[in-house]
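[1] can you look at this prediction? I've put the sequence above it.
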Amino acid sequence: DNGGCQSSRNSFAAVKAARSNFKADLERRWLEELPGAQRDELDISTLLDPRFKTYAFPGLDDDDISSEKDRALASLKGTWSYNWRPKSPSPSAPSDFSGTVSSVFALPLEPDFDLPANGDASSQEDEVQVQDELEMYLSLPLEKNMDVDMFSY
């Protein structure tokens with residue numbers, strides 16, 4: 001009886017079509033239509049999860065998402081540099097930094113927030129001497145246990 005084979009072929013074709021539609025829908029929602037600010041937050045959250053900090057995912061080839069990985073790292077490093085990176089200690093720096101950031105991705109509230117000028121050699125020397133905490137985190141080995149409790153990590 002050839003009816004069983006035909007039914008299996010139809011089921012396989014239906015599953016294949018559903019997978020293709022699902023993939024197209026995910027790409028549309030997450031890559032094409034997702035607002036940039038939300039995408040940045042999701043990318044940064046993903047990279048801060050020690051299981052996915054290399055932006056590698058099961059079933060995806062690195063070559064397929066290399067531009068997304070570069071974009072995610074740029075978002076993380078930019079947010080780190082402008083919002084999260086601790087300032088170099090200075091004799092006049094206040095010891096209480098509470099209230100300096102209005103939210104995770106917002107600009108600092110304090111008016112003294114400034115980035116070092118390109119020609120400021122002393123600030124560049126400080127950066128060279130101290131390894132950045134973000135770079136240290138990214139250089140640590142990938143957490144391979146997918147069941148790790150992220151709150152106790």
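    Great, that's in hand.

[2] what segments of the chain are strands?
    Counting by DSSP state E, one finds no strands in the chain.

[3] which helix or strand in it has the lowest average pLDDT?
    In the chain, the helix or strand scored least confidently by mean pLDDT, DSSP states H and E is helix 121-129, which has a mean of 47.

[4] what pLDDT does residue 96 get?
    Per-residue pLDDT puts residue 96 at 47.

[5] now do the same contact list for residue 30.
    residue 39 (C-beta atoms under 8 Å, 6 or more residues apart in numbering). C-beta here means a position set from N, CA and C on the backbone, and glycine is covered the same way.

[6] and the pLDDT at it?
    pLDDT recorded at residue 30 is 81.

[7] how near is it to residue 48?
    18 Å (C-beta to C-beta, to the nearest Å).

[8] run a quick neighbour tally on residue 43.
    20 (other C-beta atoms under 10 Å).

[9] ah, wrong one, I meant residue 34
    Around residue 34 there are 13 residues (other C-beta under 10 Å).

[10] dump the residue contacts of it.
    residue 42.

[11] swap the cut-off to 10 Å and go again
    28, 40, 42 (C-beta atoms under 10 Å, 6 or more residues apart in numbering).

[12] so it versus residue 54, what's the distance?
    With distances taken as C-beta to C-beta, residue 34 is found 21 Å from residue 54.

[13] residue ranges in this protein under the pLDDT threshold?
    Residue ranges of the chain with pLDDT under 70: 1-4, 88-131, 153.
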